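Engineer: got a predicted structure plus its sequence, pasted below:
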Amino acid sequence: MKKSQTVYVAYVGTTKTAFLKARVTDSGHPEVEALSARIAEGFDQGIVKDLAGASQTISDAVKDVVEAGSDEMLSCRLVVSNTFLKTYTFQSSIYFHGDPHPITLKDVREAIAQTRSVATIPLDEVIVQAVPQEFLVNDLAGVQNPIGLEASRLGVTLRLLTLNFFDHSNLLKAFERCELEILEVVPAVLASAEAVLRSEEKQAGVILMLIGGRATHFACYRNSVLIDVRSIPVGADCITDVIGKNLNLDHLDAQRIKEAFGSAIPKAEFQDELIPIPDSSGGKKTHIQRSDFESQLDAGLHQFFQILSCELTSLQRQYSPLNQIICTGGGAQLDGFLDRIEELISPSTVRIGYPIGFKGPQGLATNPAFSAALGGIKFTSKIREDSLPATEKQHWLLRTVDSVRNWMFEYF
């Protein structure tokens with residue numbers, strides 16, 4: 001029986017950072033053992049602005065999770081949430097000479113590696129992820145799983161996600177100062193998709209909306225393929241900002257009140273409820289009626305949901321039909337959020353994206369606010385045969401031959 005493996009994931013968001021430890025076994029259900037989340041001191045919108053401060057934030061989070069006295073260099077995936085990621089699409093082909101060539105997993109990886117190497121992205125950008133969209137087998141386009149097909153040419157279309165070279169370098173440098181090796185950088189929306197989307201939703205067509213503090217990310221899937229990724233510099237903190245400004249509160253107090261009493265839908269039956277407002281100077285708390293509280297929030301809520309509605313409508317028009325919308329991230333936990341989205345985007349099917357298949361404390365393993373960090377446990381950019389769409393079942397002898405061939409290509 002294979003021993004369990006310890007996996008570490010770091011998360012850098014637009015307002016918070018986190019460090020997570022999980023144990024993964026052959027069962028396929030990762031167990032979350034510890035997670036430390038902190039305000040992103042030293043970062044600005046997910047980018048390092050103060051190297052010493054950012055490193056200290058990371059170090060403090062790691063100390064909460066990793067046992068004291070551990071001197072080994074830890075390796076982790078880094079999940080990033082910011083609006084500076086860019087996306088491009090490139091394609092190229094490799095050719096086989098001689099007799100008909102059955103495509104192998106090694107061939108698929110070579111085609112992907114070549115396309116990455118010839119992609120003409122700006123010189124000041126770094127590719128952080130390359131996601132296959134489709135394969136070209138001879139002259140047959142739109143192939144999702146080319147393995148086993150006879151071909152003289154194999155092409156691939158990749159969606160490349162990039163980050164500015166200096167932003168990428170500074171992120172890695174902050175983690176290096178904490179003696180952390182970054183295995184790969186993963187955009188938060190891709191990690192979140194790994195955590196909350198079901199395979200049948202990706203196949204049928206779905207929009208994933210990941211709502212963070214200062215950014216909202218969108219990922220569109222159809223036929224199990226990532227067809228678009230985009231971000232906007234607006235998140236749930238725009239509501240927090242309204243509370244803070246109107247009630248003269250600091251950000252943390254405003255966040256606490258939003259989480260406890262904020263609602264996207266007015267609560268008519270509780271209009272006389274008194275909401276406690278802390279005094280910023282440490283004095284006695286004051287109170288405000290819910291009706292007044294909701295009227296102050298109305299403008300911020302209206303603007304926030306109008307922006308989300310415009311983006312979702314644009315994606316639905318461009319990639320119709322995508323009538324399933326999955327909302328995740330901390331912002332999706334706002335009371336009444338789902339009802340408000342359903343009102344704006346009709347007749348789409350909408351649900352909250354809770355992490356699927358994770359074990360651990362319920363407050364962690366099923367919390368949408370941690371969906372990106374949790375998805376980082378499962379995410380891998382390495383193309384495996386089982387990560388490609390399933391094909392028809394082969395005869396047992398052909399399966400055996402293919403398994404041996406792929407094993408030889410992998411290890412020899």
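Structural biologist: Alright, I've got the coordinates. Because the structure is a prediction, the values reported are computed rather than measured.
Engineer: hey, where'd the helices end up in this protein?
Structural biologist: 51-65, 105-118, 165-176, 188-196, 199-204, 237-247, 251-261, 290-318, 337-344, 362-365, 371-378, 396-411 (DSSP state H).
Engineer: deepest of these, which one?
Structural biologist: Scoring the helices of the chain by mean neighbour count under mean count of other Cβ atoms under 10 Å gives helix 371-378 as the most buried, with a mean of 29. For the C-beta atoms, the positions are set from N, CA and C on the backbone; glycine is no exception.
Engineer: what is that one packed up against?
Structural biologist: strand 5-12, strand 16-24, strand 31-39, strand 74-80, helix 188-196 (3 or more Cβ pairs under 8 Å, 6 or more residues apart in numbering; DSSP states H and E).
Engineer: can you report how many residues neighbour the nearest residue to residue 89 once chain neighbours are set aside?
Structural biologist: Spatial nearest neighbour of residue 89, excluding adjacent residues (Cβ to Cβ, 6 or more residues apart in numbering): residue 159 at 5.6 Å. Residue 159 has 18 neighbouring residues, counting by other Cβ atoms under 10 Å.
Engineer: swap in residue 267?
Structural biologist: Neighbour count of residue 267, defined by other Cβ under 10 Å: 14.
Engineer: any idea how far it is from residue 293?
Structural biologist: From residue 267 over to residue 293 the distance is 10 Å, taken as Cβ to Cβ, to the nearest Å.
Engineer: and what of residue 45?
Structural biologist: As judged by Cβ to Cβ, residue 45 and residue 293 stand 28 Å apart.
Engineer: that older thread, out of the helices and strands packed on helix 371-378, the one nearest residue 286 is which?
Structural biologist: Of all the helices and strands packed on helix 371-378, it is strand 31-39 that lies closest to residue 286, at 25.7 Å by Cβ to Cβ.
Engineer: for the closest one, packing partners?
Structural biologist: strand 16-24, helix 51-65, helix 362-365, helix 371-378.
Engineer: what is the rounded mean pLDDT of it?
Structural biologist: Across strand 31-39, pLDDT averages out at 94.
Engineer: run through who's touching that strand.
Structural biologist: Strand 31-39 has contacts (Cβ atoms under 8 Å, 6 or more residues apart in numbering) with 15-25, 57, 60-62, 64-65, 358-361, 364-365, 370, 373-374, 377.
Engineer: check stretch 268-280 too.
Structural biologist: So stretch 268-280 is contacted by 247-250, 253, 257, 261, 267, 285-291, 293-294 (Cβ under 8 Å, 6+ apart).
Engineer: low-confidence stretches in the stretch 301-412 of the chain?
Structural biologist: Applying pLDDT under 70 to the stretch 301-412 of the chain flags residues 347, 386, 390-412.
Engineer: how does it look with 90?
Structural biologist: 320-323, 342-348, 361-364, 380-412 (pLDDT under 90).
Engineer: measure how buried residue 353 is and give me the count.
Structural biologist: Residue 353 is flanked by 24 other residues according to other Cβ under 10 Å.
Engineer: my guess is it contacts residue 196. True?
Structural biologist: Yes: between residue 353 and residue 196 a contact is recorded at 3.3 Å, counting by Cβ atoms under 8 Å.
Engineer: joint contacts of those two?
Structural biologist: 208, 326, 328, 368, 371.
Engineer: for the residues you listed, which two are the farthest from each other?
Structural biologist: 208 and 368 (11.5 Å).
Engineer: compare those two (neighbour count), which wins?
Structural biologist: Neighbour totals were compared for residue 208 and residue 368, and residue 208 leads with 27 against 24 (other Cβ under 10 Å).
Engineer: got a list of what residue 352 touches?
Structural biologist: Residues near residue 352 by Cβ under 8 Å, 6+ apart: 326, 327, 328, 332, 333, 337, 338, 368.
Engineer: for it, give its distance to residue 334.
Structural biologist: Between residue 352 and residue 334 the computed distance is 11 Å (Cβ to Cβ).
Engineer: ok, now residue 382?
Structural biologist: 36 Å.
Engineer: neighbour count: those two, which is higher?
Structural biologist: residue 334 (20 against 7).
Engineer: who's the residue lying closest to residue 64 once chain neighbours are set aside bridged to?
Structural biologist: Of all residues not flanking residue 64 in the chain, residue 36 sits nearest, at 3.5 Å (Cβ to Cβ, 6+ apart). Using DSSP bridges, the beta-bridge partners of residue 36 come out as residue 19.
Engineer: what's the answer for residue 5, then?
Structural biologist: Residue 5 has these beta-bridge partners by DSSP bridges: residue 24.
Engineer: please name the nearest non-neighbouring residue to residue 337.
Structural biologist: Per Cβ to Cβ, 6+ apart, closest to residue 337 is residue 264, 5.1 Å.
Engineer: now the phi/psi pair for that neighbour, please.
Structural biologist: Per-residue torsions, residue 264: phi -80, psi -20 (degrees, to the nearest 10).
Engineer: relative to residue 205, how far out is it?
Structural biologist: Using Cβ to Cβ, we find residue 264 at a distance of 26 Å from residue 205.
Engineer: and if you look at residue 166?
Structural biologist: Taken as Cβ to Cβ, the span from residue 166 to residue 205 is 37 Å.
Engineer: and what of residue 32?
Structural biologist: If you go by Cβ to Cβ, the gap between residue 32 and residue 205 works out to 30 Å.
Engineer: between those two, which one's more packed in?
Structural biologist: With neighbours defined as other Cβ under 10 Å, residue 32 and residue 205 compare such that residue 32 has more, 24 against 19.
Engineer: the residue nearest to residue 337 touches residue 305, doesn't it?
Structural biologist: Yes: contact criterion Cβ under 8 Å: residue 264 and residue 305 qualify, at 7.1 Å.
Engineer: any common contacting residues for those two?
Structural biologist: Common contacts of residue 264 and residue 305 (Cβ under 8 Å, 6+ apart): residue 340.
Engineer: which ones are touching the residue nearest to residue 47 when sequence neighbours are not counted?
Structural biologist: Closest residue to residue 47 apart from its sequence neighbours, by Cβ to Cβ, 6+ apart: residue 167 at 5.1 Å. Contacts for residue 167 (Cβ under 8 Å, 6+ apart) come out as 47, 48, 84.
Engineer: am I right that the first one is in contact with residue 82?
Structural biologist: Yes: Residue 47 is in contact with residue 82 according to Cβ under 8 Å; the separation is 6.0 Å.
Engineer: comparing those two, which residue is more hemmed in?
Structural biologist: residue 82 (24 against 21).
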